[in-house]
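In: Okay, sequence plus prediction incoming.
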There are 2 protein chains.
Amino acid sequence: MFPKGFNAGGIEAGISKKKAKKDIAVFYSQLPAQCAAMFTNNLVKAAPVALSRKHIEIVPHVRAIVANSGCANACTGKQGLRDAERMCEITADRWGVSTEEVLVASTGVIGQFLPMAKIDSGITGLIHAMRAKKGDPNAAAAAILTTDTKVKVAQAKISAGGKNVTIWGCAKGSGMIHPDLGFPHATMLAFILTDAAIELALLEEALAVAADNSFNCISVDGDTSTNDSVFILANGAAGNRLISRPGSDLAAFSVALQKVCLELSKKIVLDGEGATKLAEIEVRGASDDSDARKIASVIATSPLVKTALFGNDANWGRILAACGRAGVPFEPQNVSINIGGMTVAENGMAKKFSEKRAKRLLSKKEVHIVVDLHKGTGRGVYYTCDFSFDYVKINASYRS
Amino acid sequence: MFPKGFNAGGIEAGISKKKAKKDIAVFYSQLPAQCAAMFTNNLVKAAPVALSRKHIEIVPHVRAIVANSGCANACTGKQGLRDAERMCEITADRWGVSTEEVLVASTGVIGQFLPMAKIDSGITGLIHAMRAKKGDPNAAAAAILTTDTKVKVAQAKISAGGKNVTIWGCAKGSGMIHPDLGFPHATMLAFILTDAAIELALLEEALAVAADNSFNCISVDGDTSTNDSVFILANGAAGNRLISRPGSDLAAFSVALQKVCLELSKKIVLDGEGATKLAEIEVRGASDDSDARKIASVIATSPLVKTALFGNDANWGRILAACGRAGVPFEPQNVSINIGGMTVAENGMAKKFSEKRAKRLLSKKEVHIVVDLHKGTGRGVYYTCDFSFDYVKINASYRS
């Protein structure tokens, strides 16, 4: 299930000296595509982020996105900007489109320059192969990975305006994951392609809502990257009646896009560096949704909670202590905590529970934790993973 | 070097079923002592914190502090409050003082009740022994430890008002360490004893300033405890002229107190759970001190920075990325980063440096990292430790 009018591929250009893997991806649209994108709110923004923002402002349509792993092209000054621009130029030239119609994304080590000779021959070889045959979306999805252990792809199909519309997306994690995405435009990267015909303003709004309820409520390590980016290209190749106003078509599209974003987000967390499980932290009964989400975020980023999750330890005291430092008022003596369907604390105190059962519930691949403040109707969710020996192992030696 | 008119001791009461160690400490002043104390700002406050706050408000002087490790008596409701009160009662009764003149502190697992029979006989046996002989401050310092591997004691001697004045303090870490102490009154615990004669308001101010530049700028894991508490007792036994206004005596006292607090703070960090080193994160050139400290705090709590420290990896890109999400405006292209005396980044970009030398500098027991924003004159420091395999090991199995 891949949207019409798109081509995607990946190739190994040898960017990282230490790891043999595909490292350049190209996403190409046969038709001019509407593009909405969201970029990191980190004050330190990588060169490709700065350049993609600029291109989106200049041109009404996008034709291609080129992405590399192995080097983030961040903190690289003017040369970094020139290198990012050159990636767009090469891609544009090989497809016969203009440089500004090409966007760029990078992920990997910060503070190193891109090996431009390898990148040039990599892009050239890849596009040559994509022109010759249909391309390979899974190869593109593989090429954007760094410490990820799995390719992350999600898709959805809806019927809109009398036609089948497809949404396909791929994403990468798996460290420095706590995206904070802002318009107009996470090292989370996500590339979403759809053959829907949809007006830009509606596409942007649909992406903003979907990202806010997916990419923006996940955390692997609480660190926000310099390179986080989410792109969606909509090329209209499905031939549906243009989605130009609120209605059932827009609703169906928005729900499907949200589903794709959430599936990619959960896959990022579950494949977080060293992660052995996915925890859905749900806070209920807060004064409002914003308070609930703030508390869920603090729990989701607490090293003590995350190591307890790794140890399958129903240490609800650490959860409650994390709530207490979120800067949100609530009554500790009213709080109940439920882990995997079993209440472990009530009225802010321990409730007798089977430690054996708790261990069993916590050792599942997905754990649902509910903290109820019993105050209002606010609700918020954060997705996180556990903190394992492997997280330390991966990150104590990532760069060198 | 122990202040006059004080007695301190520790005993094993068997509070934890899993670990044989001293677990009850008593600090006793032969004279009524002025007491300043600071407690956690976490909304979830343990029973001993609530009770000590109440006692300090009721009585003008304090005679004793009783403390236990192995059980935090937090999230224990009304029974927890009764148990904390009973600890004060037993201590008061054995010394022949009133219950309100006794403060209490606990540290250990959250959500469990204190084993009161053991605590009763422990306190009784300890005070009996302290009355018979001089006590043992180091035993008190040992009894408050949980996952700490070392006793933490610091002291200072000054001359004030014609007399020798001694300040002695002990503290415990070593997880859930990111104190956020507030007046009127953070599971860091510190007990400071001094034989100085000093007015309460000045003692409180000296403690507030000292704590703000020591306990409040350390982080082991970014988690703020429900039980953090710092106490200082000043009993006047040195016989110095009462320190009742600003001047050289107050200045000397304040400097000495700050020195004791900072030494205890650094010992807490260096003995942080799984820590192999102490890192002093100094941010210079910010708009103001508050901005500098905010950035230093974000760097000090970044798991990616802390795992890189463990791996002796001069990964300055992670440091700069952490700066960028602190919510403080600065120009990334002006930032320089220095690790252990060696500049690794300048103008927001990599500077050529010897990786071998960087590894050597980073493998020291204490590492000084300076981030200069080159914007203003604001300066702030945070002390942190690295994130090791042992941190995960300790915390994946702490409760069970």
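Out: That came through fine.

In: ok, now which ones touch the closest residue to chain B within the stretch 51-200 of chain A?
Out: Of all residues in the stretch 51-200 of chain A, the one sitting closest to chain B is A:I110 (2.5 Å; Cβ to the nearest Cβ). C-beta coordinates here come from the backbone N, C-alpha and C atoms, glycine included. Applying Cβ atoms under 8 Å, 6 or more residues apart in numbering or on different chains, we find A:I110 in contact with A:A46, A:A72, A:A74, A:C75, A:T226, B:N315, B:W316, B:G317, B:R318, B:L320, B:A321.

In: and if we set it to 6 Å?
Out: Shown in contact with A:I110 (Cβ atoms under 6 Å, 6 or more residues apart in numbering or on different chains): A:A72, A:A74, A:C75, B:G317.

In: SS state for the nearest residue to it once chain neighbours are set aside?
Out: Among residues not flanking A:I110 along the chain, B:G317 sits closest, at 2.5 Å (Cβ to Cβ, 6 or more residues apart in numbering or on different chains). Here B:G317 is recorded as helix under DSSP: H, G, I helix; E, B strand; the rest coil.

In: tell me the contacts of B:G317?
Out: A:C75, A:I110, A:G111.

In: likewise A:P332?
Out: The neighbours of A:P332, taking Cβ under 6 Å, 6+ apart as the test, are A:G348, B:V44.

In: residues from the stretch 51-200 of chain A in reach of chain B?
Out: With the criterion set to Cβ under 6 Å from any Cβ of the partner chain, the stretch 51-200 of chain A comes near chain B through A:C75, A:G77, A:I110, A:G111.

In: Of these, just the buried ones, ChimeraX syntax please.
Out: A single ChimeraX command selects the buried members of these (16 or more other Cβ atoms under 10 Å in any protein chain shown):
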select /A:75,110,111
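
In: Closest to A:A142 out of the residues of the stretch 51-200 of chain A next to chain B?
Out: A:I110 (22.2 Å; Cβ to Cβ).

In: Can you verify my assumption that A:S214 contacts A:C261?
Out: Yes - between A:S214 and A:C261 there is a contact under Cβ atoms under 6 Å: 3.8 Å.

In: And the two? Which one has more around it.
Out: Shown here are A:S214 and A:C261; by other Cβ atoms under 10 Å in any protein chain shown, A:C261 has more neighbours (28 against 25).

In: re the thing from before, what's the most distant pair in the residues of the stretch 51-200 of chain A next to chain B?
Out: A:G77 and A:I110 (12.5 Å).

In: if we can go back for a sec, now the contacts of A:I110 in a markdown table, with secondary structure, distance to B:Y382 and pLDDT?
Out: Output for the contacts of A:I110, formatted as a markdown table (DSSP: H, G, I helix; E, B strand; the rest coil; distance: Cβ to Cβ, whole Å; pLDDT from 0 to 100):
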| residue | secondary structure | distance to B:Y382 | pLDDT |
| --- | --- | --- | --- |
| A:A72 | coil | 25 | 91 |
| A:A74 | coil | 24 | 91 |
| A:C75 | coil | 22 | 91 |
| B:G317 | helix | 19 | 90 |
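
In: Just give me the longest strand of chain A.
Out: strand A:24-40 (DSSP state E).

In: chain center to that one: distance?
Out: 15 Å (Cα atoms, centre = their mean, to the nearest Å).

In: Next: stretch A:89-107.
Out: The chain centre lies 22 Å from the centre of stretch A:89-107; the measure is Cα atoms, centre = their mean.

In: Also stretch A:9-16?
Out: Per Cα atoms, centre = their mean, the centroid offset for stretch A:9-16 relative to its chain is 21 Å.

In: Okay, strands next: where are they in the stretch 251-400 of chain A?
Out: Remark: strands assigned in the stretch 251-400 of chain A by DSSP state E, counting those that start in this stretch are A:278-286, A:336-339, A:342-346, A:349-350, A:366-372, A:378-385.

In: Can you flag the weakest of those strands by average pLDDT?
Out: Of all these, the minimum mean pLDDT falls on strand A:349-350 (a mean of 90).

In: Specify the residue ranges that define each domain of chain A.
Out: Residue ranges for the domains of chain A, per automatic domain parsing: A:6-270, A:278-395.

In: Can you lay out the ones you listed as a markdown table showing distance to B:L207?
Out: Output for the domains of chain A, formatted as a markdown table (distance: least, Cβ to Cβ, whole Å):
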| stretch | distance to B:L207 |
| --- | --- |
| domain A:6-270 | 31 |
| domain A:278-395 | 22 |
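
In: where in chain A is pLDDT low?
Out: Judged by pLDDT under 70, chain A has its weakly predicted residues at A:175-187, A:222-224, A:397-400.

In: what's the longest helix along it in contact with?
Out: The longest helix of chain A (DSSP state H) is helix A:248-270. Contact with helix A:248-270 is made by A:152, A:154, A:156, A:158, A:160-161, A:167, A:169, A:171, A:173, A:190, A:196, A:202, A:206, A:210, A:214-215, A:218, A:243, A:278, A:383, A:385, as judged by Cβ under 6 Å, 6+ apart.

In: what distance separates it from the centre of its chain?
Out: Distance, centroid of helix A:248-270 to centroid of chain: 11 Å (Cα atoms, centre = their mean).

In: how about that helix: buried residues?
Out: Buried, per 16+ other Cβ under 10 Å, within helix A:248-270: A:249-250, A:252-254, A:256-270.

In: With stretch A:152-165 instead?
Out: So, applying 16+ other Cβ under 10 Å, buried residues of stretch A:152-165: A:K152, A:V153, A:A154, A:Q155, A:A156, A:I158, A:A160, A:G161, A:K163, A:V165.

In: For chain A, which segments count as helices?
Out: Using DSSP H, helices in chain A cover A:47-58, A:77-95, A:116-132, A:137-143, A:200-212, A:248-270, A:289-301, A:303-310, A:316-324, A:355-362, A:389-395.

In: Serialize those to JSON lines and add fields for distance to B:H374.
Out: Converted to JSON lines, the helices of chain A look like this (distance: least, Cβ to Cβ, whole Å):
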{"stretch": "helix A:47-58", "distance to B:H374": "21"}
{"stretch": "helix A:77-95", "distance to B:H374": "15"}
{"stretch": "helix A:116-132", "distance to B:H374": "30"}
{"stretch": "helix A:137-143", "distance to B:H374": "38"}
{"stretch": "helix A:200-212", "distance to B:H374": "34"}
{"stretch": "helix A:248-270", "distance to B:H374": "36"}
{"stretch": "helix A:289-301", "distance to B:H374": "30"}
{"stretch": "helix A:303-310", "distance to B:H374": "32"}
{"stretch": "helix A:316-324", "distance to B:H374": "36"}
{"stretch": "helix A:355-362", "distance to B:H374": "48"}
{"stretch": "helix A:389-395", "distance to B:H374": "29"}
